[in-house]
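In: Need the 3D shape of this:
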Amino acid sequence: MPPIPFADNFLAGSLITLLLPIGLLIAIAIWYVIAVKRVPEGTTKPLPPQTHASDIPPGGAGTQPEPPASGA
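Out: Numbers count the residues shown, from 1 in each chain. Next up, the predicted model:
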């Protein structure tokens, strides 16, 4: 079976090699900007405070955390 004559000369192959990745990056950037603009304002929630190893007192690493208080 003969090969398909797609980009059978050097110029076409080099242009495809350069333009396809650049075009893909541009398309992804445009999609990202549109997706970010569609997110409504105020939809982000603040993250809970993080506990770091320096915040744990010595000897406190093996203790069990207290269960949350039941709200009634």
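
In: who touches residue 24 in this structure?
Out: Neighbour list for residue 24: empty [criterion: Cβ atoms under 8 Å, 6 or more residues apart in numbering]. No exception for glycine: its C-beta is placed from N, CA and C like everyone else's.

In: Return the distance of it relative to residue 16.
Out: Shown here: residue 24 relative to residue 16, a distance of 12 Å by Cβ to Cβ, to the nearest Å.

In: Next: residue 44.
Out: 41 Å.

In: Please apply the same query to residue 22.
Out: Applying Cβ to Cβ to residue 22 and residue 16 gives a distance of 11 Å.

In: quick one: what helix or strand has the most centrally placed residue in the chain in it?
Out: Geometric centre of the chain, nearest residue: residue 32, 10.5 Å, by Cα atoms, centre = their mean. Assigned by DSSP states H and E, residue 32 belongs to helix 10-37.

In: Check residue 49 too.
Out: Using DSSP H and E, residue 49 falls outside every helix and strand.

In: tell me the SS of residue 45?
Out: Using DSSP: H, G, I helix; E, B strand; the rest coil, the structure places residue 45 in coil.

In: Phi first, then psi, for it.
Out: phi -100, psi 150 (degrees, to the nearest 10).

In: so where's this protein uncertain?
Out: Along the chain, the model assigns pLDDT under 70 to residues 1, 6-7, 53, 55-65, 71-72.

In: In terms of neighbours, single out the busier of residue 22 and residue 16.
Out: In this view residue 22 and residue 16 are compared by other Cβ atoms under 10 Å, and residue 16 has more residues nearby, 12 against 9.

In: ok, the more buried one to residue 38 distance?
Out: In this view, residue 16 and residue 38 are 32 Å apart by Cβ to Cβ.

In: ok, now residue 46?
Out: Residue 46 is 22 Å from residue 38, by Cβ to Cβ.

In: got it, and residue 70?
Out: 39 Å.

In: Residue 20 now?
Out: Relative to residue 38, and taking Cβ to Cβ, residue 20 is found at 27 Å.

In: Show me which of these two is the more surrounded one.
Out: Legend: neighbour count by other Cβ under 10 Å for residue 20 and residue 38, higher for residue 20 (10 against 7).

In: Perfect, that will be all.
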